[in-house]
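**Student:** need a structure here:
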Amino acid sequence: METTEITYNSTGKRKSSIARTTIKQGKGEIYINNKPLDKYFPSETLKMIVKHPLATLAVTEKYNISIKVNGGGVCGQAGAIRHSIARALVEVNPDFRGKLKKEGLLTRDPRVKERKKYGRKGARKRFQFSKR
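**Tutor:** As a prediction, the model looks like this:
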C-alpha cells in the first residue's frame with residue numbers, strides 16, 4: 001500500500017503580488033519559485049516577514065513549503081507569501097486560526113497604489129498655489 005502525503009494549498013495576495021503555497025510534512029525547507037528562501041530573498045527583513053506565521057506557531061521545522069509567486073516587487077511578494085502561508089496553516093490545523101488571527105496574518109492588506117489623476121502630476125500632487 002502506498003503512503004500518500006497530504007498537501008495543503010492556499011493563495012495569498014498583497015498589492016499586485018499573488019502567491020500560491022503548497023505545504024506538507026517535512027524538515028522546514030522553504031522554496032520560492034524553485035529557489036531556496038535564502039537565494040530568493042537575500043534581505044533578513046523579508047525572510048522574517050515570510051517566516052512570521054511559522055514563528056508565531058513555533059512550527060518552523062515541521063513543514064516543507066513550496067511557493068509560486070508572481071507580480072509586484074519584493075516587499076509585496078513577501079507579504080503575499082506570508083498571507084498564503086498563514087492561510088495554508090489554518091487548513092493544516094484549524095486550531096491555529098486563533099493565534100494567526102490575533103497577529104493579523106489572515107487579513108489581506110488592502111493598501112494598494114493610488115491611481116494618477118488626470119491633469120495632475122501624480123495621485124495627490126497639486127499645482128503650486130498662487131495668491132496673486
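
**Student:** can you tell me how far Ser17 sits from Arg132?
**Tutor:** Noted for Ser17: a distance of 48 Å to Arg132, by Cβ to Cβ, to the nearest Å. Bear in mind the C-beta positions are built from the backbone N, C-alpha and C, glycine included.

**Student:** Give me the more crowded residue out of those two.
**Tutor:** Here Ser17 and Arg132 are set side by side on neighbour count (other Cβ atoms under 10 Å), and the busier one is Ser17, at 21 against 2.

**Student:** Report pLDDT for the more buried one.
**Tutor:** Ser17 carries a pLDDT value of 96.

**Student:** could you say which helix or strand contains the closest residue to it other than its chain neighbours?
**Tutor:** Once flanking residues are discounted, Ser17 sits nearest to Gly72: 3.4 Å by Cβ to Cβ, 6 or more residues apart in numbering. Assessed by DSSP states H and E, Gly72 sits outside every helix and strand.

**Student:** number of nearby residues for Gly72?
**Tutor:** 19.

**Student:** pretty sure it contacts Ala80?
**Tutor:** Yes: using Cβ atoms under 8 Å, Gly72 is in contact with Ala80, at 7.3 Å.

**Student:** what sits in contact with each of those two?
**Tutor:** Residues touching both Gly72 and Ala80 (Cβ atoms under 8 Å, 6 or more residues apart in numbering) are Arg14, Lys15, Ser17.

**Student:** Low-confidence stretches in this structure?
**Tutor:** For the chain, the stretches flagged by pLDDT under 70 are 1-3.

**Student:** Next, Glu5: secondary structure please.
**Tutor:** coil (DSSP: H, G, I helix; E, B strand; the rest coil).

**Student:** if we look at the helix or strand harbouring Leu100, which residues are touching it?
**Tutor:** Using DSSP H and E, Leu100 sits within helix 97-103. With Cβ under 8 Å, 6+ apart as the contact definition, helix 97-103 has outside contacts at His52, Pro53, Thr56, Leu57, Ala86, Leu89, Val90, Leu106, Thr107.
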